[in-house]
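Student: Give me a model of this one.
(one chain, ligands or ions: 2)
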Amino acid sequence: MVERCNVTQSGKASPAMVLGIETSCDETSAAVVTRDASGAGHIVSNVVLSQVAEHAPYGGVVPEIAARAHLIHLDGLVKQAMAEAGVGFDDMDAVAATAGPGLIGGVLTGLMTAKAIALATGKPLYAINHLEGHALTPGLTEGLRPPYLMLLVSGGHTQLVSINAVGDYTRLGTTIDDALGEAFDKTAKLLGLGYPGGPEVEKAAAAGNAGRFDFPVPMKGRPGCNFSFSGLKTAVRQAAVAANPLTEADVADICASFQRAVCAAVGDRVAHAMNEFCSLHREPAGSRVLVAAGGVAANKALRSALEEVCAANDFRLSVPPVALCTDNAAMIAWAGAEQMNLREGDDLSVQARARWPLDPEAAPQPFAGVKA
Ligand code: KG4
Ligand code: ZN
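Tutor: Numbering: from 1, shown residues only. Ligands and ions are numbered 1, 2, ... in the order given. Here you go, the predicted model:
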């Protein structure tokens, strides 16, 4: 048996109540989460303010607008999260905030707020990697303990990660260019659909013919687990230009064909990652789990593609509720509670980081930037 197979953590620890703060992209969020002595988590409050309406006119997240909105709303949201929980700062055992990766202005806003709270109250500060928040969410929602395989597909990230233990992650694959949510958003923008593009593309695809355009399935059959979506994006652009002026049926067919290519690409990459996961962890067939997180995990076509690849490889698919799949402070508070078991809090000099790979040994991807 491979050593890592045994690295399942019992999750037992002293009870803790943690205030969480999330500001890395376009959601401002504050939450109060508890962890009981058995290791089980409970969300006491989780307030999320989406900035979608503010970014919609630009067809994507504008970093300066996001940072300003976080600054305006965060204090009020912290107050609201504590009021909804019926607790005060004295009841907290720690404050946890996203310290990266993400849009640096937003990350700074949240981390500085958390530092101020920690300094004023004397509570320990935990600077949390946003990706770790997503990675540990199934522990909060269903008590799932590592090891498991995670597919994170959001507007900012597209990664396959082996969650070996709390604090021990192996990145098996990442995008080498665009994130999957970004590919959905760009496709929507090109076709004149609304923002965020993912749900719009999915809606249009429902009425479309997925066989009309033979879009490439990026990376299919290549070794490894990396993703690439820039070639598919170009193929979509060329099809849209060739069919111009676009009818409603053209838009629906392009969306359906794009979604088919995406599902085939993700299915192929996940199958490779399952193989790699099984060579790291000899989990018995009945206990292998694939967790899908991030906004794109809400896509129904993608979910059925994932169900298929899970069935073929004896994995169970677990998708946290959409509100906890997308960015939220409960997952950051929970990651803080889990970290409390492992280490002391961070020094107040801890820095915000635009780039912060979850797996420090993973190779950098120069064209994916913070997305890797
Ligand atoms: O995780 P998330 O809410 O925010 C971050 O990016 O961090 O993910 C947002 C992304 C957007 O790109 C959005 O278009 C995409 O998730 N998305 C979807 C769907 N719902 C949201 N993509 C495809 N199908 C959907 N149903
Ligand atoms: Zn996220």
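
Student: Can you name the residues of the stretch 151-300 of the chain sitting close to ligand 2?
Tutor: Residues of the stretch 151-300 of the chain lying near ligand 2 by CB under 5 Å from the ion: S154. Using the backbone N, CA and C atoms, a C-beta is placed for each residue, glycine as well.

Student: and the longest helix along the chain, which residues are buried?
Tutor: Secondary structure of the chain per DSSP state H: the longest helix is helix 248-280. For helix 248-280, a neighbour-count test (16 or more other CB atoms under 10 Å) marks 250-274, 276-278, 280 as buried.

Student: Please, where are all the helices along the stretch 1-150 of the chain?
Tutor: Per DSSP state H, counting those that start in this stretch, the stretch 1-150 of the chain carries helices over the ranges 52-55, 63-85, 104-121, 130-142.

Student: Format the ones you listed as JSON lines; extra columns: mean pLDDT.
Tutor: Output for the helices of the stretch 1-150 of the chain, formatted as JSON lines (pLDDT from 0 to 100):
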{"stretch": "helix 52-55", "mean pLDDT": "94"}
{"stretch": "helix 63-85", "mean pLDDT": "97"}
{"stretch": "helix 104-121", "mean pLDDT": "98"}
{"stretch": "helix 130-142", "mean pLDDT": "97"}
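
Student: winner for burial among these?
Tutor: Of the helices of the stretch 1-150 of the chain, the one with the most neighbours on average (mean count of other CB atoms under 10 Å) is helix 130-142, at a mean of 25.

Student: Point me to the residue of the stretch 101-250 of the chain nearest ligand 2.
Tutor: Relative to ligand 2, the nearest point of the stretch 101-250 of the chain is S154 (4.7 Å; CB to the ion).

Student: isn't that residue right up against T326?
Tutor: Yes - the criterion here is CB atoms under 8 Å, and S154 meets it with T326 at 7.4 Å.

Student: residues shared between the contacts of those two?
Tutor: Here S154 and T326 share the contacting residues G294, G295, scored by CB atoms under 8 Å, 6 or more residues apart in numbering.

Student: Show the residue spans covered by the strands in the protein.
Tutor: 16-22, 27-35, 41-50, 94-100, 125-129, 148-153, 158-165, 168-174, 289-293, 316-318 (DSSP state E).

Student: Tell me the helices and strands packed up against the first one.
Tutor: Translated: strand 16-22. strand 27-35, helix 63-85, strand 94-100, helix 104-121, helix 329-340 (3 or more CB pairs under 8 Å, 6 or more residues apart in numbering; DSSP states H and E).

Student: what angle separates that strand from strand 41-50?
Tutor: Calculated by axes from the mean of the first three to the mean of the last three CA atoms, to 10 degrees, strand 16-22 forms an angle of 20 degrees with strand 41-50.

Student: Who's the closest spatial neighbour of the closest residue to ligand 1 within the stretch 51-200 of the chain, skipping the chain neighbours?
Tutor: The stretch 51-200 of the chain approaches ligand 1 most closely through G198 (2.0 Å), counting by CB to the nearest ligand atom. Nearest residue to G198, sequence neighbours excluded (CB to CB, 6 or more residues apart in numbering): F184, at 4.0 Å.

Student: residues contacting that neighbour?
Tutor: Here F184 is in contact with P196, G197, G198, V201, V262, V296, N299 (CB under 8 Å, 6+ apart).

Student: Max pairwise distance over those residues: which two?
Tutor: P196 and V262 (15.4 Å; CB to CB).

Student: Can you read off the backbone torsions of whichever residue of the stretch 251-372 of the chain sits closest to ligand 2?
Tutor: In the stretch 251-372 of the chain, the residue found nearest to ligand 2 is D327; the distance is 4.5 Å by CB to the ion. Here is the backbone geometry of D327 (degrees, to the nearest 10): phi -70, psi 130.

Student: How confident was the prediction at the residue nearest to G198?
Tutor: Reported pLDDT at F184 in the predicted model: 97.
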